[in-house]
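Novice: Show me how the following folds:
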Amino acid sequence: MKTHSQMRKTALMLSALIAVAIGQGNAEPLAAQPVPAARGPEIAETRLAGGDSEIRVVDHGKEVAKYRINLSGHHHPATDSSDPVIKAWEKRKFGAFLCFNSNQFDGREIDRSKDPKIYNPPVVDVKQWIATFKAAGMDYAVLTARHTSGFLLWDSPTSEHDVAQSGNRTDAVKLYVEECRRQGVQPGIYYCLWGGRFNRNANARAVILAQLHELATRYGDIPFFWIDMMNWAPGNLSTQEIYDSLKNVNPKTVVMFNQHIQDGCHIKYFPTDVLNGEMHLPPAEGHNPRRQVGSKSYYLPLEYELCSQKRDSHRQLGGWDYSHASWFTYGAGKGFEPSGPFPAAFLYRWIRRAYDRRAANVLLACAPDHTGRIRDEDVRQLIRLGRMLKNPSLAPPKPLTAGCKATASGIWPSPRLGPELAFDDDPGTRWGGAPETKGGWLAVDLGKPRRFRRVWISEGWDRVRKFELQIKKGGAWQTICKGTTIGPDFSAEFEPATAQHVRLNLLEATDVPTIWEVQLFEK
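Specialist: Sure, this is the predicted structure:
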């Protein structure tokens, strides 16, 4: 029996043959006519008595799939920390956000390509992926089975934009889930809901419910669903319906709706079993999992998500400057800018701070590139990071500048942008310069003369174009290090210097400068 994808290809071939035959039957040859694309599958939803739905998928007049979606049973998140499903999820601690889809082949974070052929990895080496995550101490993973373009990493009768029509027909979801289980990593699945007001589909509700049902039933129990972009879902599909459709398949599935780029304080979509801080650390006072929604109190722990990759030209993220961060991993040789790994020590600072602020789990975006394998430099980064998290003695030492008094040439009018915040050993706080300035300085008092030979600086928004690091000697400032751009992760070593007062002098900038951290080290 032919699969639905084989049927689609047969239809295309027949259309082409018929067109050729008609052309050959004329005395005057016809001009070449474009062969019309095969019509995609028809997906219809029937609401059933009691609240359930039946979804039928018809391809070229033949029913190829029928699903009954259980929407009549209603669920709610945990009300207490003793809930066994949530307790098990909180123990996972560190996971891999496996961002792998058509993006690696198109070069864009928000990919809108509609040609499935661009997805063409030579291999889908899931064994290497999961082995790397295990070596890095990761207990779970989340695979982007469907991202913004709508491309599916599995063969679905609901779509022609899937692996069955691509350059590599491997069911990546199946291999991923099986390999996770073999190596003892919990497999989660990411699904992007874009399809209502973006990537418009007249029947997006039925498509989404059918595809989520396939993911929830085809590969055994999936312990975690990461649902994205509810704000772009069709208006006739509610958060509660999506939540119930997955929970009714497996009540032990943790369902998380991405609450967007924030620190976990705001609940935009409910019900959700978990809150998240996408690209944002939890608030300084720590995440509060006890939340009141309506008349009930719920226990909603937090997952912090960050990126292992960066691209120099990447846009900033909605006012948040996790500078140049890239969710996807882009390899060289495809005609677009490749990505590179952030240093492990840089990631460690953010992750450690997230745990200190009561994030239950951390999910780090890391993945193979277009070759289908994780690059060697990325493997080294992840393993080094995992070792630091397991053994903090391998992590960077506490900076000499931590908690020291600081002054500045000017301050942006906000108590959250004071100069001391650039020396607090917290990569989530920052100093901002005075309005309408394109330079300035930050000075720190180490309390007594201290010896140091290395500096690490993290700048926001990539604005500095010329700077000096200076020490005060005999009442005058002496330059010990200088440069042009800083960016999110500048590090330099110099001849050992001893001083009590140190200054970062920003001589030129394209806009008001802002600095996340200035740290000095003895070694």
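Novice: Tell me where the model's unsure across the stretch 1-150 of the chain.
Specialist: Residue ranges of the stretch 1-150 of the chain with pLDDT under 70: 1-39.
Novice: which residues of it fall in strands?
Specialist: 42-47, 53-59, 62-69, 94-98, 140-146 (DSSP state E, counting those that start in this stretch).
Novice: Walk me through which strands the fourth one pairs with, and which way each runs.
Specialist: Applying DSSP bridges to the sheet, strand 94-98 is found paired with strand 140-146 (parallel), strand 361-365 (parallel).
Novice: which one of those is the most hemmed in?
Specialist: Ranked by mean neighbour count under mean count of other CB atoms under 10 Å, the strands paired with strand 94-98 are led by strand 140-146, which reaches a mean of 26. Backbone N, C-alpha and C define where each C-beta goes, glycine included.
Novice: neighbouring contacts of it?
Specialist: 92, 95-101, 129-130, 133, 152-154, 172-173, 176, 180, 185-192, 211, 215, 223-224, 226, 361, 363 (CB atoms under 8 Å, 6 or more residues apart in numbering).
Novice: any idea how far the spatially most central residue of the chain is from P234?
Specialist: The chain has W327 as the residue nearest its centroid, 4.6 Å off, counting by CA atoms, centre = their mean. W327 is 24 Å from P234, where distance means CB to CB, to the nearest Å.
Novice: just T272 next, same as before
Specialist: 19 Å.
Novice: the more surrounded of those two?
Specialist: T272 (23 against 18; other CB atoms under 10 Å).
Novice: Assign that one to helix, strand or coil.
Specialist: Here T272 is recorded as coil under DSSP: H, G, I helix; E, B strand; the rest coil.
Novice: I figured it hits H75, correct?
Specialist: No. Using CB atoms under 8 Å, T272 is not in contact with H75; the gap is 11.3 Å.
Novice: joint contacts of the two?
Specialist: Common neighbours of T272 and H75 (CB under 8 Å, 6+ apart) are Y243.
Novice: Can you give me the domain assignment for this structure?
Specialist: 1-38, 75-394, 405-521 (automatic domain parsing).
Novice: picking that back up, show me the contacts for the residue nearest to the centre of the chain.
Specialist: So W327 contacts 97, 99, 109, 307, 309, 365 (CB under 8 Å, 6+ apart).
Novice: Now with 7 Å, please.
Specialist: 99, 109, 307, 365 (CB atoms under 7 Å, 6 or more residues apart in numbering).
Novice: quick check, nearest of the residues you listed to G418?
Specialist: C307 (27.4 Å; CB to CB).
Novice: Next, give phi and psi for that closest one.
Specialist: Taking degrees, to the nearest 10, you get phi -110, psi 140 for the backbone angles of C307.
Novice: The stretch 301-450 of the chain: helices as residue ranges?
Specialist: Assigned by DSSP state H, counting those that start in this stretch, the stretch 301-450 of the chain shows helices spanning 344-356, 376-390.
Novice: Where among those helices is average confidence lowest?
Specialist: When the helices of the stretch 301-450 of the chain are compared by mean pLDDT, helix 344-356 comes last with a mean of 91.
Novice: which residues does A406 form a beta bridge with?
Specialist: Here A406, judged by DSSP bridges, has bridge partners V444.
Novice: That one touches T429, doesn't it?
Specialist: No. The pair A406 / T429 is not scored as a contact, 12.0 Å apart, by CB atoms under 7 Å.
Novice: quick one, the helix or strand harbouring Y176 and strand 140-146 angle?
Specialist: Per DSSP states H and E: Y176 is located in helix 172-183. Put simply, helix 172-183 runs at 170 degrees to strand 140-146, going by axes from the mean of the first three to the mean of the last three CA atoms, to 10 degrees.
Novice: Go through the contacts of W327 and name the one nearest K296.
Specialist: Of the contacts of W327, the one sitting nearest to K296 (CB to CB) turns out to be A365, at 33.1 Å.
Novice: tell me the pLDDT at that closest one?
Specialist: So A365 comes in at 98 (pLDDT).
Novice: contacting residues for it?
Specialist: 97, 99, 305, 307-309, 327.
Novice: hey, what's it bridged with?
Specialist: Here A365 sits in beta bridges with F97, C307, as judged by DSSP bridges.
Novice: residues contacting the closest residue in space to R112 that isn't next to it in sequence?
Specialist: Leaving aside its chain neighbours, R112 sits nearest to S149 (5.7 Å; criterion: CB to CB, 6 or more residues apart in numbering). If you count contacts by CB under 7 Å, 6+ apart, S149 has them with 102, 111-114.
Novice: what residue ranges in the stretch 301-450 of the chain score low on pLDDT?
Specialist: In the stretch 301-450 of the chain (pLDDT under 70), the answer is 313-323.
Novice: Let me see the ranges of the strands in it.
Specialist: Under DSSP E, counting those that start in this stretch, the stretch 301-450 of the chain gives strands at 302-307, 309-310, 325-326, 340-341, 361-365, 405-408, 431-432, 440-459.
Novice: Parallel or antiparallel, list what pairs with the third one.
Specialist: By that I understand strand 325-326. Sheet pairing of strand 325-326 (DSSP bridges) gives strand 309-310 (antiparallel).
Novice: next one: the fourth one
Specialist: The strands that strand 340-341 pairs with in its sheet are strand 309-310 (antiparallel) (by DSSP bridges).
Novice: which residues are in contact with the partner strand?
Specialist: Contact with strand 309-310 is made by 324-326, 329, 339-342, 365, as judged by CB under 7 Å, 6+ apart.
Novice: And for stretch 482-493?
Specialist: Against stretch 482-493 from outside (CB under 7 Å, 6+ apart): 323-324, 342-343, 346, 453-459, 462, 464-468, 481.
Novice: number of nearby residues for the closest residue to P396 other than its chain neighbours?
Specialist: Spatial nearest neighbour of P396, chain neighbours left out: A345 (4.8 Å); criterion: CB to CB, 6+ apart. Using other CB under 10 Å, A345 is surrounded by 16 other residues.
Novice: can you check A402 too?
Specialist: Neighbours of A402 (other CB under 10 Å): 13.
Novice: if I look at the closest residue in space to it that isn't next to it in sequence, how far off is T407?
Specialist: Among residues not flanking A402 along the chain, D425 sits closest, at 4.0 Å (CB to CB, 6+ apart). Distance from D425 to T407, counting by CB to CB: 18 Å.
Novice: For the helix holding Y176, C-alpha coordinates in CSV please.
Specialist: Provided in CSV are the C-alpha atoms of helix 172-183 (Å, rounded to 0.1, in the frame of the first residue of the first chain):
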residue,chain,number,x,y,z
ALA,A,172,13.7,12.7,12.8
VAL,A,173,11.1,12.8,15.6
LYS,A,174,11.0,9.0,15.7
LEU,A,175,14.8,8.6,15.7
TYR,A,176,15.2,11.3,18.4
VAL,A,177,12.6,9.9,20.7
GLU,A,178,14.0,6.4,20.4
GLU,A,179,17.6,7.5,21.0
CYS,A,180,16.6,9.6,24.0
ARG,A,181,15.0,6.6,25.6
ARG,A,182,18.0,4.4,24.7
GLN,A,183,20.5,6.8,26.4
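Novice: Show the average pLDDT along the following helix or strand past that helix.
Specialist: Per DSSP H and E, helix 172-183 leads on to strand 186-192 as the next helix or strand towards the C-terminus. Strand 186-192 shows a mean pLDDT of 98.
Novice: ok so, going back, quick one: the residue nearest to P396 and L389, what's the gap?
Specialist: In this view, A345 and L389 are 12 Å apart by CB to CB.
Novice: what's the answer for E459, then?
Specialist: In this structure, E459 and L389 are 25 Å apart, going by CB to CB.
Novice: Compare these two and say which is more crowded by neighbours.
Specialist: E459 (27 against 22).
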